[in-house]
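Visitor: Just need the structure, nothing else, for what follows:
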Amino acid sequence: MFILSKYVCNQIKLNSIIIPLRRRFSKGSKLLFLNDERPLTFQQHIHLEDGPPDELVYGRPGVRTVCLYTPENKNALSIDLMNRLIFSIKLDDDDPNLRCIVMWAKGNVFSAGHDLKELTKAAGPEKHKQVFETAEKLMKAIVECPVPVIAKVDGHAAAAGCQLVAQCDLVIASTRSKFSTPGANCGIFCSTPGIALARSISRKHALHMLFTGTPITAEEAYRIGLVNKVVPHTKLDDELDKIVSTITSKSRDVITLGKKFFYEQIDKPLLEAYELGSRKMCENLAHPDATEGVDSFIHKRKPKWQNELQKTPPTDESDPKPSSSDGAGKTTSIIGNLGNSLKKLKK
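Guide: Down below sits the predicted model:
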């Protein structure tokens with residue numbers, strides 16, 4: 001059964017499967033609650049009713065939340081899960097109402113890393129190659145995403161799971177979170193996680209994590225620069241709200257321009273980076289939002305960006321309004337069996 005909220009239109013395209021996104025909201029669809037006491041704007045919801053609920057939503061205005069949920073393997077980054085994460089990041093990434101993406105996980109493990117069943121000798125070299133090529137595409141999708149990608153961590157991020165966290169633009173973690181790169185314990189050095197680590201923290205701290213495999217606490221991760229904020233798990237969503245509300249209030253075009261340039265210049269020689277930066281600043285000043293921003297600052301008023309965030313979802317009187325028992329307005333996203341469900345839909 002294919003269920004969609006009344007606010008979803010247009011279509012999703014995945015592996016040549018085109019699914020029309022215009023259906024009536026169905027009572028009884030399963031929803032998970034992010035916070036029972038704080039209603040969220042229900043703007044985009046996909047639920048493929050097949051095993052654990054699969055949902056992809058705009059929970060808060062301008063924010064897409066994506067949740068890792070494969071409890072049978074502690075949210076391991078299998079090829080299938082990584083492909084679905086790539087899809088979730090790239091979906092409608094040119095939508096002006098999309099301002100940031102939040103990635104989180106259900107359970108006490110954010111991600112245990114790669115699925116070791118795909119790394120056995122029996123799996124073969126081609127499977128191994130596919131694993132790491134897919135992981136590379138996932139990290140690239142985060143870097144090239146036009147809006148900030150935020151990791152909300154409330155558990156243990158290990159090996160490639162730690163890599164995923166380190167590659168995100170921002171990271172907020174609970175005090176009970178841990179981070180580790182223990183691959184050497186299994187005879188597989190965390191070489192690819194080390195790439196993201198070495199670009200987030202100092203070489204000495206990265207090598208200590210890679211050589212020892214010892215988990216570090218969230219406080220230690222904050223001290224060495226792996227995470228941006230550490231709060232008690234009960235305050236995690238409150239802190240997240242502060243961050244995303246600040247980001248979504250800004251011009252999307254300017255944030256996109258800034259993120260793209262940051263990653264372009266970060267590994268450039270200093271003088272070359274400054275030369276490129278001067279050009280980028282002039283390019284930014286030519287944008288209408290820069291003109292508006294400067295003018296609003298001078299005249300002490302709130303700026304009006306070209307693409308103002310639409311905070312109220314469109315209404316359609318022909319569609320039934322979901323009842324409060326449906327959980328509409330209090331939802332988050334679950335990545336479960338999306339690939340299998342889409343295959344069934346294709347048939």
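Visitor: mind giving me the domain ranges of the chain?
Guide: 2-250+326-346, 252-298 (automatic domain parsing).
Visitor: mind putting these in a markdown table, mean pLDDT, distance to residue 304 and mean neighbour count included?
Guide: Backbone N, C-alpha and C define where each C-beta goes, glycine included. As requested, the domains of the chain are exported to a markdown table (pLDDT from 0 to 100; distance: least, CB to CB, whole Å; neighbours: other CB atoms under 10 Å):
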| stretch | mean pLDDT | distance to residue 304 | mean neighbour count |
| --- | --- | --- | --- |
| domain 2-250+326-346 | 77 | 12 | 19 |
| domain 252-298 | 95 | 6 | 13 |
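Visitor: would CSV of the ones you listed with distance to residue 305 be doable?
Guide: Listed next are those as CSV, based on distance: least, CB to CB, whole Å:
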stretch, distance to residue 305
domain 2-250+326-346, 8
domain 252-298, 5
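Visitor: nearest to residue 307, of those domains?
Guide: domain 2-250+326-346 (3.9 Å; CB to CB).
Visitor: gap between that closest one and the chain center?
Guide: How far domain 2-250+326-346 lies from its chain's middle: 5 Å, per CA atoms, centre = their mean, to the nearest Å.
Visitor: Check stretch 289-309 too.
Guide: 28 Å.
Visitor: Any chance you could list what contacts that stretch?
Guide: Here stretch 289-309 makes contact (CB atoms under 8 Å, 6 or more residues apart in numbering) with 61-62, 96-97, 99, 248-254, 284, 288.
Visitor: what about residue 124, distance to residue 180?
Guide: Going from residue 124 to residue 180 by CB to CB, to the nearest Å gives 28 Å.
Visitor: Which parts of the stretch 51-200 of the chain are strands?
Guide: 57-58, 63-68, 100-105, 109-111, 149-153, 156-158, 170-174, 178-180 (DSSP state E, counting those that start in this stretch).
Visitor: Determine which two of the contacts of stretch 289-309 are furthest apart.
Guide: Maximum pairwise distance among the contacts of stretch 289-309 (CB to CB): 24.9 Å, between 61 and 284.
Visitor: returning to what we had before: now the strands of the stretch 51-200 of the chain in JSON lines, please, with extra columns for distance to residue 207.
Guide: Output for the strands of the stretch 51-200 of the chain, formatted as JSON lines (distance: least, CB to CB, whole Å):
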{"stretch": "strand 57-58", "distance to residue 207": "39"}
{"stretch": "strand 63-68", "distance to residue 207": "27"}
{"stretch": "strand 100-105", "distance to residue 207": "26"}
{"stretch": "strand 109-111", "distance to residue 207": "22"}
{"stretch": "strand 149-153", "distance to residue 207": "22"}
{"stretch": "strand 156-158", "distance to residue 207": "17"}
{"stretch": "strand 170-174", "distance to residue 207": "20"}
{"stretch": "strand 178-180", "distance to residue 207": "14"}
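Visitor: Name the nearest residue to residue 257, ignoring sequence neighbours.
Guide: Using CB to CB, 6 or more residues apart in numbering and skipping residues adjacent in sequence, the residue nearest residue 257 is residue 284, 5.9 Å away.
Visitor: That neighbour belongs to a helix, doesn't it?
Guide: Yes - if the criterion is DSSP: H, G, I helix; E, B strand; the rest coil, then residue 284 is within a helix.
Visitor: can you tell me which residues contact it?
Guide: 254, 257, 258, 290 are the contacts of residue 284 under CB under 8 Å, 6+ apart.
Visitor: What is the nearest of those residues to residue 280?
Guide: Distance to residue 280, by CB to CB, is smallest for residue 257 among the contacts of residue 284, at 7.3 Å.
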